[in-house]
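Visitor: Predicted model follows, preceded by the sequence.
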Amino acid sequence: MGSSAPAAEATARTGEPRVADLRRRGIADRDGVLSWLLLAPAVVYILALVAVPFLLAVAFSFSDVTGGDPSFDWVGLLNFERIFADPVFWRSLRNTFVFTAVSMVFIVIFGKVLANILIADFRGRWIVRFCVLLPWTTPVALSTITWLWLLDSVFSPIDWVLRNLGIIQSNMFWLGQPTLAMISVIAVHVWRLVPLAAVIMMAGLLSIPKDVQEQAAVDGAGYWRRMFEITIPLTAPVIAISALFGAVFTFTDMTVVYVLTRGGPTNETQVLASWAFFRGIEGSDIAQGAAIALFLFPLLLAAAIAILRAVRGMEIS
Amino acid sequence: MRISTQFDRRRFLQATGLAALGGTLVACAEDEGIGAGGPEPTQPAPTGTFTEPASPLSGSLSILMWSHFVPAHDTWFDPWVKEWGQRVGVEVTVDHINYAELPARTQAEIQAGQGHDLILHISPVPQYEPSVLDLTDVVTEANNRHGEMVELCQKSSFNPTTGKYFAFAPAWVPDPGDYRKSLWTPVGLPDGPTTWDDLLRGGTEIKNSQGVQLGIGMSQEIDSNMAGRALLWSFGASIQDEAEQVVINSPEAVAAVEFMARLYNDAMTPEVFSWNAASNNQGLAAGQLSYILNSLSAWRTSQETDPEVAGDIFFSPALRGPADARAASHVMYNWIVPNFAANPDAAKAFLLHYADNLDVVAWQSKLYDFPAYPDVVPDLGKWVGADPFGAQPPDKLSLLENAIEWSTNIGYPGTANTAEGEVFATFVIPNMFARAARGEVSPQQAVADAEGQIVPIFENWRSRGLIGTGGS
């Protein structure tokens, strides 16, 4: 852009642009080329790190590729037949949906509550916002290891507090009992994703014109009526987006399960992503691991479409 | 004109920078102290040996290996292998990573067709057979030099179906029982339990009278896998037979599961379903567990961090059951040379040098690593009889002199094949025990369900030609 001023001067002097100036301006002024140039890094990134691995996973799922034998032999639907016959696969599939659905409900509720707190006007609001965001900004493996310690069967500080308050007599064994282990996994997902949902919803809340709320208040609408008839309808698209982001992150995550329980006890917390890893990498049957992982695809596709539609809806409004 | 204060920004940055540097140096020094420190050895270290390679070597050699559980080993190993490289004209580089990352890293290198020349795993890796060199020549030469390799190492590195040594297994690690003497003495077993019945009786009494439970894991982690197999073998059951046929669904296996259920109900808590690989060590060190199955490494760390705890931890051989007394090797070294290795000659020459110096390896690992060629370590009995690294009493490890008699490979009585590896990786055996122990299903059903998972895994690998009749 810096060259456009001298070029303009030259045009003004001679009355028509010189050929050399036109050449210099070439790429910068050709919208089609420039747009592709600017898009290229993103396209290369998506092709290399999303499209190629995805196509490879599809190909692997119809092959007999193993961790020690990368040669590709077509086996048709054999891997799918094997995983359908495996009860752990069905449990993993069920757990994946349960964890995602239950987490989503709590993420939306707590995210909304937290967003309301965050937009309130009080001293130290920025510090509170910073602290609230910490669970989201901390690397998931690191924060989950912290939870692993908090939920330890013997040394859990949570148990220690509950014991000293007289609420429990002996340790809870959070990760050793199926129901408690599932609750623990869901709780960590919720803890991790609520800040993201809260920030997205906070942005939505701040975009509601103040005079609408004030007018409703003057007309006698109480807090709950304003909440259900003004705030929630106006922020519904944003809530939907935060819910869908949370769903995608929960559905595809294996770190929380891998670090906290490794899918145990007795595979009660196993999810598709972790089971694909155990079968494919630890068990060295990459083809079967790929077939398991592919079951993540339909829901992720649906979620992506839903997100895009929601975003488009917001643009129209 | 600006007057500089006594403590301006520049000085503040200098001071904090120096403090940070000092802190880092202190931290580094402390890290080095763990494992590398401890009492001075009471006996002279072996000096090692060097044999000229059969043919001249050149180029470079890259090694990928785990970060040893006894950090002193790595402090010694890296300069040692580089010194060997200098003598034979090879430039050696060594990369250490966490053992849990080795499968993913190795598979990535195999898929990419490039990477390290030599990779050390700590469990049998028959699944890599199609992509690694046959090391029969290395094993043959090592056998010629040092006598026959011990059976559990041979069965952890050889595929009888294809006749190929997919790995070289020159060392292994015993998996004894670890117990707190102060807890077992009051129940009349100061030398610890020697049978599974002792464990049930004494463990129950300790839990009832002293409030401390046993620590036989039934979780989705490595030690629970070892413990479950030890119990199966001791009851005369196994996953496969010598011919690599699935035989898990047997009265002996059901009896073992029934026993584990009693052991859990009488002497344990749900803690054992939630463990990771470090949990039983932590519980024993904290006095929260009376008995676990594990190697020496955590106790060695305790020698430096908490000598009082180390003094109370003792070891016992594999527990005897109705049929046998048998424990899995805790670690099984598997060196592999991928097909893509740029310098396989140097890799093989180094493996022979490593086997020649197993006495140094055992010493530098503080008697954690045991030799596949006992003749190379003639002083092993003397060392474990009077621990050079400060055990109190000095003969605490003497039981390990005969550890080979009660130790065996994963896959016993067959070989450590790919199917056994996948059964191990998917925690079928700990879950079989856990489901019955929790009363979720009957022992018979737990065993039948485990068989239902194991058979397809065997069929899958059998169809790929990697397991067969076991050479029978």
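Guide: Thanks, I have it. Numbering: from 1, shown residues only, chains lettered A, B, ... in the order given.
Visitor: measure the closest residue to B:Lys348 other than its chain neighbours to B:Trp275 for me?
Guide: Spatially, and ignoring its direct neighbours in sequence, B:Lys348 is nearest to B:Val138 (5.1 Å; Cβ to Cβ, 6 or more residues apart in numbering or on different chains). Heads up, the C-betas are built off the backbone N, CA and C, glycines and all. Applying Cβ to Cβ, to the nearest Å, the value for B:Val138 to B:Trp275 is 37 Å.
Visitor: neighbour count winner among those two?
Guide: The neighbour count for B:Val138 versus B:Trp275, taken as other Cβ atoms under 10 Å in any protein chain shown, is higher for B:Trp275 (28 against 23).
Visitor: Looks like that one contacts B:Ser224 (just checking).
Guide: Yes. Using Cβ atoms under 8 Å, B:Trp275 is in contact with B:Ser224, at 6.7 Å.
Visitor: How is A:Asp211 classified with respect to secondary structure?
Guide: helix (DSSP: H, G, I helix; E, B strand; the rest coil).
Visitor: Report pLDDT for the residue nearest to B:Lys348.
Guide: pLDDT for B:Val138: 98.
Visitor: residues in contact with it?
Guide: B:Tyr165, B:Phe168, B:Lys348, B:Leu351, B:Leu352 (Cβ atoms under 8 Å, 6 or more residues apart in numbering or on different chains).
Visitor: Which of the residues you listed fall in helices?
Guide: B:Lys348, B:Leu351, B:Leu352 (DSSP state H).
Visitor: What separation is there between the second one and B:Met218?
Guide: Yep, that's B:Leu351 we're talking about. 37 Å.
Visitor: Looking at the two, which one has more neighbours?
Guide: Neighbour count, other Cβ under 10 Å: between B:Leu351 and B:Met218, B:Met218 has more, with 32 against 22.
Visitor: doesn't B:Pro270 make contact with that one?
Guide: No. Counting by Cβ under 8 Å, B:Met218 stays clear of B:Pro270, with 9.6 Å between them.
Visitor: Packing partners of the lengthiest helix in chain A?
Guide: Longest helix in chain A, counting residues (DSSP H): helix A:87-119. Helices and strands touching helix A:87-119, by 3 or more Cβ pairs under 8 Å, 6 or more residues apart in numbering or on different chains; DSSP states H and E, are helix A:125-137, helix A:178-206, helix A:232-252, helix A:272-277, helix B:443-463.
Visitor: partners of the residue most central in space within chain B in the sheet?
Guide: Nearest to the mean C-alpha position of chain B, by Cα atoms, centre = their mean, lies B:Val331 at 2.1 Å. With DSSP bridges as the criterion, B:Val331 is bridged to B:Val173.
Visitor: Now do the SS call for A:Asn267.
Guide: Going by three-state DSSP: A:Asn267 is coil.
Visitor: got a list of what the closest residue to it other than its chain neighbours touches?
Guide: Nearest non-adjacent residue to A:Asn267, counting by Cβ to Cβ, 6+ apart: A:Val88, 5.0 Å away. Shown in contact with A:Val88 (Cβ under 8 Å, 6+ apart): A:Asn267, A:Gln270, A:Trp275, B:Thr426, B:Gln453.
Visitor: Share the number of residues neighbouring residue 180, please.
Guide: In the absence of a named chain, this looks at chain A. There are 18 residues near A:Leu180, going by other Cβ under 10 Å.
Visitor: nope, chain B
Guide: 23.
Visitor: Angles on the backbone of it, please.
Guide: phi -90, psi 110 (degrees, to the nearest 10).
Visitor: can I assume it is in contact with B:Gly287?
Guide: Yes. Assessed by Cβ under 8 Å, B:Arg180 is found in contact with B:Gly287 at 6.4 Å.
Visitor: so what sits against both of those two?
Guide: Common neighbours of B:Arg180 and B:Gly287 (Cβ under 8 Å, 6+ apart) are B:Val212.
Visitor: Nearest spatial neighbour of B:Ile216, chain-adjacent residues omitted?
Guide: B:Ala227 (5.0 Å).
Visitor: got the angle between the helix or strand encompassing the one you found and helix B:443-463?
Guide: Assigned by DSSP states H and E, B:Ala227 belongs to helix B:222-234. Here helix B:222-234 runs at an angle of 100 degrees relative to helix B:443-463 (axes from the mean of the first three to the mean of the last three Cα atoms, to 10 degrees).
Visitor: What is the subsequent helix or strand relative to helix B:222-234?
Guide: Counting by DSSP H and E, the element after helix B:222-234 in chain order, helix or strand, is helix B:251-267.
Visitor: Strands along the stretch 51-200 of chain B, start to end?
Guide: Assigned strands in the stretch 51-200 of chain B, in chain order: B:60-66, B:91-97, B:118-121, B:158-159, B:164-165, B:171-173, B:177-180 (criterion: DSSP state E, counting those that start in this stretch).
Visitor: possible to save the ones you listed as TSV with mean pLDDT?
Guide: Output for those, formatted as TSV (pLDDT from 0 to 100):
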stretch	mean pLDDT
strand B:60-66	97
strand B:91-97	97
strand B:118-121	98
strand B:158-159	96
strand B:164-165	97
strand B:171-173	98
strand B:177-180	96
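Visitor: could you redo those as TSV and give each row distance to A:Ala59?
Guide: Shown next, in TSV, are the strands of the stretch 51-200 of chain B (distance: least, Cβ to Cβ, whole Å):
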stretch	distance to A:Ala59
strand B:60-66	28
strand B:91-97	28
strand B:118-121	26
strand B:158-159	28
strand B:164-165	28
strand B:171-173	39
strand B:177-180	47
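Visitor: Among those, which comes closest to B:Leu133?
Guide: For the strands of the stretch 51-200 of chain B, the distance to B:Leu133 is smallest for strand B:164-165, at 9.1 Å, taking Cβ to Cβ.
Visitor: near chain B, which residues of the stretch 201-317 of chain A show up?
Guide: Residues of the stretch 201-317 of chain A lying near chain B by Cβ under 8 Å from any Cβ of the partner chain: A:261-267, A:278-279, A:281-286, A:288.
Visitor: circling back: report the angle between the longest helix of chain A and helix B:443-463.
Guide: Going by the same axes, to 10 degrees, helix A:87-119 makes 100 degrees with helix B:443-463.
Visitor: so how far is helix A:87-119 off the chain centroid?
Guide: Distance of helix A:87-119 from its chain centroid, counting by Cα atoms, centre = their mean, to the nearest Å, is 11 Å.
Visitor: Can you give me the buried ones in that helix?
Guide: Within helix A:87-119, the residues that qualify as buried are A:88-89, A:91-93, A:95-96, A:99-100, A:102-104, A:106-108, A:110-112, A:114-115, A:118-119, counting by 16 or more other Cβ atoms under 10 Å in any protein chain shown.
Visitor: What's the mean pLDDT across that helix?
Guide: Per-residue scores along helix A:87-119 average to 93.
Visitor: hang on, isn't the residue nearest to B:Ile216 packed against B:Leu214?
Guide: No. Using Cβ under 8 Å as the test, B:Ala227 is too far from B:Leu214 to be in contact (10.5 Å).
Visitor: and the residue nearest to the spatial centre of chain A, what does it touch?
Guide: In chain A, the residue lying closest to the centroid (Cα atoms, centre = their mean) is A:Phe249, at 2.8 Å. Counting by Cβ under 8 Å, 6+ apart, A:Phe249 touches A:Leu193, A:Leu196.
Visitor: Quickly note the distance from it to B:Asp324.
Guide: Distance from A:Phe249 to B:Asp324, by Cβ to Cβ: 49 Å.
Visitor: Just give me the neighbour total for the closest residue in space to B:Arg464 that isn't next to it in sequence.
Guide: Nearest non-adjacent residue to B:Arg464, counting by Cβ to Cβ, 6+ apart: A:Asp64, 6.7 Å away. For A:Asp64, the count of nearby residues is 20 (other Cβ under 10 Å).
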